[in-house]
Structures are given as structure tokens and as C-alpha cells.
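S.K.: Build me a model:
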Amino acid sequence: MTDQSRTDQSRTSRPRQIRLNAFHMNAPGHSWAGLWAHPRDRTSSHDRPDYWTHLARTAERGRLDAVFLADVIGVYDVYGGSPDTALRSAAQAPTLDPFPVVPLMAAVTEHIGFGVTATVSYEKPYALARRFSTLDHLTGGRIAWNVVTGILGSGARGMGQGDLTEHDARYAAAEEFLAATYALWEGSWADDAVVRDREARIYTRPERVRRVTRTGAHPVDAIHLVHPSPQRTPFLFQAGASATGRAFAAAHAEAVFVNGHTKTLVAETVRDIRQRAVGFGRDPHDIKIFLGASVIVGATDAAAEDRRRDYERYIDARGTLALMSGWSGIDLSAYGLDEPIRAVQGNAMRSLIEAITTRSPDRAWTVRDLARFDQVGGRGAFLVGSPATVADDIRAWVEETDIDGFNLVRLVEPENLEAIVDLLVPELQKRGLFKTEYADGPLRQKLTGRPRLPASHPAAAFRFPA
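M.R.: Presented below is the predicted three-dimensional model:
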């Protein structure tokens, strides 16, 4: 028996601990357009501190692993060649900066992590490294970075870059961006650089700090502005599922956010990412893989279905198609409702188009399908039922696809997250599938058992010499 088969056998011989993140955005509309109009929804208060503190307290009460904050630079103006539909339906517009809400949530919690999306195409390594190191200090090591390259042409134009850079070129630039931030986080300050010696009046030992010098697409010539934080490098998420995105994730990510409306599609993606990780000298199960999931749980199956129908009444179909058009780069307003979507080599989110065309050869997906309130429109698992029913479905997704957990898509809030915490989490805990207490240490320690990145990770090559 090989080492890998022993590991696989060990993993399947005991209940697998499932990971859960609350998937949110600093905007009134997120993955499903229109739900902000529901009379019980409070996401229009996303510009108020108490919205975020309640979210954080609720998620931590449920022992969730993290609040995962999506973000986008730009507005959705592909649908009909105009931003009007997105603006009218609040389809990720307006969108506030996700960074400032993290300290609000951290101040009222102790354990839960915070994943923040930042786009390498529009940042500078020197400045972004400082922001993440600052948040890692202020949260006690609970910060994660969701590394993205940007998908909206409107964002590129807003940043003065003309049109969106070609898909694979964005990932090539992201490689250099990460190398620069790794050098700042891991290699600029020694762990013992800061001594705070009042008697000698020495705060930092200069000989234990070094300048980072890099050229290329993201040049740096500077000392990192922040002393080593609890994790040094923030926990690394990545959300690209194209072939190029998977290769990038396999090399760098500690957790990957994927979508997929069937178990077959998701299993193929997971298997490919893990195999690629081996090629980079990494343990394939060092990468935690989260599937996007819309979950509606009620006291009974009938109660959950009633809530699903209630939510469905508020879905804005055109707003959802505006999101889909922006994600794919295809103007879906040019299609008839029942016209099959054609495969194209887009410059935005390639994995979305692949999932509903070339990777789904047994079905011709239409615009009407994409606007539905189900697993296709949601691009991921769509689970509705009692705690027992949803727990059965969750276990089936984990066992059949080899994912590690779920990003729980925002629906009508806070009631939907509260139902997950109060009804579903206890059922998962009863089955031994979900933790009853948080582990000690920073976020990386909680998720991987290690406080710092392992030697197999590419960031380790930049560490300050012992």
C-alpha cells in the first residue's frame, strides 16, 4: 500500500470534519440579485457597523470557520451594454470596501477568521502587504486573503488600465505579485527583530531587518513596513477554477473556493487541483476546498420548501443575468430565453462558461436556466430541507466530491444564517461532522494544524535566514 492510499484510507475510516464559511459581500446584493427587497432582509444595512457585528457574532456562535468577504472592482455593465440593470437591482452595486469591516467583526469575536478579497491587478505589493499584516495583528492572526485577478472590464477602465488584461497574463502577473508579498511578509523581518528594550532604548535590531529588492512586473525596493504578524503571510484563499486558475491555486493556495452545479463537475475540479498540487511538491490535502452552496434549512422539509418559494418570489432575473454576463463576459441580453449558451473563449470567468457548455455535454443550458433559483443559477450546491435532510446532502457532497467544506451563500439575512447556526450546525455536530469548539491558535493553526506556512509552500523560499 502506498503512502497516499494509506492517507486516503485513514481519511475515509472516520467522519470527516466539515468546514463552513459565511459567504458575504459589502453590498446590498451578492450572488442572488433581488433578495435585498425581501421584507425580512437586512442587507441594505451593510453600510452600518451593527450589521457586521451581528453577522460575526452569529457566525462565531455557530462555530463557523470564517466570514468570507467577496469583492469586485467595477460595475456589471456587460448585460445590454449598460450598468442600468445592475444598478436597478443592486447586483453587487453599490459595493463598499471590505477591509474596514474586519476590525469591527474582530472586536466582538475571539476565534472566527476573516477572508478578504483583494485584486492583484489593481494593488501594489508594498501597500497591500502592509494592510494585511496590520489586519493580522489587529485580529490576532485571524486574517485570510482571497487572491483574485479581476474579471470586469469596467474595473480595469476605472483603474486607468484601458480594457481587462488577457486572462492568462493576469495570472502570470499574479505570480510575480505573490513573490513580492512573500518576500515582504516572510523575509524582511526576523522573528527576533523587535526587542522593545526600554533600558537600552532599542525597539528594533536593525541587523535583523533587511530590504526587499525585486524587479519585474511588480518591483519593490523597501523594508516591509510592519513587523512580523502572528501568521506572517495571511492564510491564502484562491477562487479561480479555469485551467490556469487551478494551476495557480495548486501552487499557492491553502484553500480554494470552487463552484459547480453537479457532483461530477465538482469532483473533476477537486481531483485536478489535488493532482496539480502533487506536481508542485505539496500534500494534495493541504489544500482545503470549499464549494459555494445556497442552503435553506427549516424545522421540516415542508417548512424549508415554503421558505425557498418565499425567497424565490424576490429573485430579480435580469439582475441575476447581469451578474452572469459580468462573470462570463458574454452579453446574455443578446440571447433568447430558450437559446442555448454557446462556448466561447472569454476573458473573464472562463470556468463559468466551461461548466455550462463544454463540461456539460449532456445538456444545452439556456438563459432561462441561468436565471432560475436553483443549483444552475447558483453555480453550486442548492440544498433545501430539514436539518437531517440537508446534513445528508452535505455529507453526500463531501464524500462524492472530496471537498472539505462549503462557502454558505448569502440569501435573506440574518434569518438564513441564523437558521443554519440554530438548526443545521447542531445536526452536523450530533453526527460528528462539525466541531463543537474552536481549536487554539491563529486561523492557519485552526484550519491546518500549523501556525505558519509549511516548507513545501513557495513562500518558504523567501524566509529570513535563521
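
S.K.: what's near enough to touch S89?
M.R.: For S89, the contact set (CB atoms under 8 Å, 6 or more residues apart in numbering) comprises 29, 33-34, 316, 318-319, 322. For glycine as for every other residue, the C-beta is placed from the backbone atoms N, C-alpha and C.

S.K.: How about it, nearest residue that isn't a chain neighbour?
M.R.: With CB to CB, 6 or more residues apart in numbering as the criterion, S89 has its nearest non-adjacent residue at 2.8 Å, and that residue is G319.

S.K.: So the one you found, which state does it fall into?
M.R.: Here G319 is recorded as helix under DSSP: H, G, I helix; E, B strand; the rest coil.

S.K.: Which pLDDT does the model give it?
M.R.: Looking at G319, its pLDDT reads 96.

S.K.: these two touch, right, it and A91?
M.R.: Yes - the pair G319 and A91 qualifies as a contact (CB atoms under 8 Å) at a distance of 4.2 Å.

S.K.: which of those two has more neighbours?
M.R.: Neighbour count, other CB atoms under 10 Å: between G319 and A91, A91 has more, with 31 against 27.

S.K.: What's the first helix or strand after the helix or strand bottoming out on mean pLDDT in the chain?
M.R.: Using mean pLDDT, DSSP states H and E, helix 3-12 stands out as the lowest-scoring helix or strand of the chain, at a mean of 43. The helix or strand immediately downstream of helix 3-12 is strand 19-25, counting by DSSP states H and E.

S.K.: Pull out the buried positions in that following strand.
M.R.: By neighbour count on 16 or more other CB atoms under 10 Å, the buried set for strand 19-25 is 19-25.

S.K.: tally of neighbours for E427?
M.R.: 19.

S.K.: Reduced to three states, what does it come out as?
M.R.: Under three-state DSSP, E427 comes out as helix.

S.K.: distance of the nearest residue to it once chain neighbours are set aside from A303?
M.R.: Excluding its sequence neighbours, the residue lying closest to E427 (CB to CB, 6+ apart) is P387, at 3.7 Å. The spacing between P387 and A303, counted by CB to CB, to the nearest Å, is 11 Å.

S.K.: what element comes up after the longest helix belonging to the chain heading to the C-terminus?
M.R.: Ranked by residue count and defined by DSSP state H, the top helix of the chain is helix 167-187. Later in the chain than helix 167-187, the nearest helix or strand by DSSP H and E is strand 194-197.

S.K.: Direction included, what does that next one pair up with?
M.R.: In the sheet, strand 194-197 lines up against strand 202-204 (antiparallel) (DSSP bridges).

S.K.: hang on, the earlier thing: can the contacts of S89 go into CSV with extra columns for secondary structure and distance to R198?
M.R.: Shown next, in CSV, are the contacts of S89 (DSSP: H, G, I helix; E, B strand; the rest coil; distance: CB to CB, whole Å):
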residue, secondary structure, distance to R198
G29, coil, 52
A33, coil, 57
G34, coil, 59
D316, coil, 60
R318, helix, 64
G319, helix, 59
A322, helix, 59
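
S.K.: out of the residues you listed, who's nearest R170?
M.R.: Checking those against R170 with CB to CB, the nearest one is A322 at 22.4 Å.

S.K.: okay, now the closest one: neighbour count?
M.R.: By other CB under 10 Å, the residues close to A322 number 33.

S.K.: and if you look at E207?
M.R.: Using other CB under 10 Å, E207 has 8 neighbouring residues.

S.K.: residues of the longest helix of the chain that come out buried?
M.R.: Buried residues in helix 167-187 (16+ other CB under 10 Å): 167-168, 170-171, 173-187.

S.K.: before we move on, what about stretch 315-335?
M.R.: In stretch 315-335, counting by 16+ other CB under 10 Å, buried: 315-333, 335.

S.K.: Could you list the paired strands of the biggest strand by length in the chain along with their orientation?
M.R.: Under DSSP state E, the strand in the chain containing the largest number of residues is strand 288-297. Next to strand 288-297 in the sheet, as set by DSSP bridges, lie strand 255-258 (parallel), strand 381-385 (parallel), strand 405-409 (parallel).

S.K.: a markdown table for those, including mean neighbour count, mean pLDDT and distance to L69?
M.R.: Output for the strands paired with strand 288-297, formatted as a markdown table (neighbours: other CB atoms under 10 Å; pLDDT from 0 to 100; distance: least, CB to CB, whole Å):
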| stretch | mean neighbour count | mean pLDDT | distance to L69 |
| --- | --- | --- | --- |
| strand 255-258 | 28 | 96 | 12 |
| strand 381-385 | 23 | 97 | 20 |
| strand 405-409 | 25 | 98 | 11 |
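
S.K.: Just put the ones you listed in CSV and tack on distance to Q429.
M.R.: Converted to CSV, these look like this (distance: least, CB to CB, whole Å):
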stretch, distance to Q429
strand 255-258, 22
strand 381-385, 17
strand 405-409, 14
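
S.K.: any common contacting residues for G319 and A91?
M.R.: Counting by CB under 8 Å, 6+ apart, the common neighbours of G319 and A91 are 29, 33, 85.

S.K.: Specify which member of these is nearest to A56.
M.R.: Nearest to A56 among those, with distances taken as CB to CB, is G29, at 20.6 Å.
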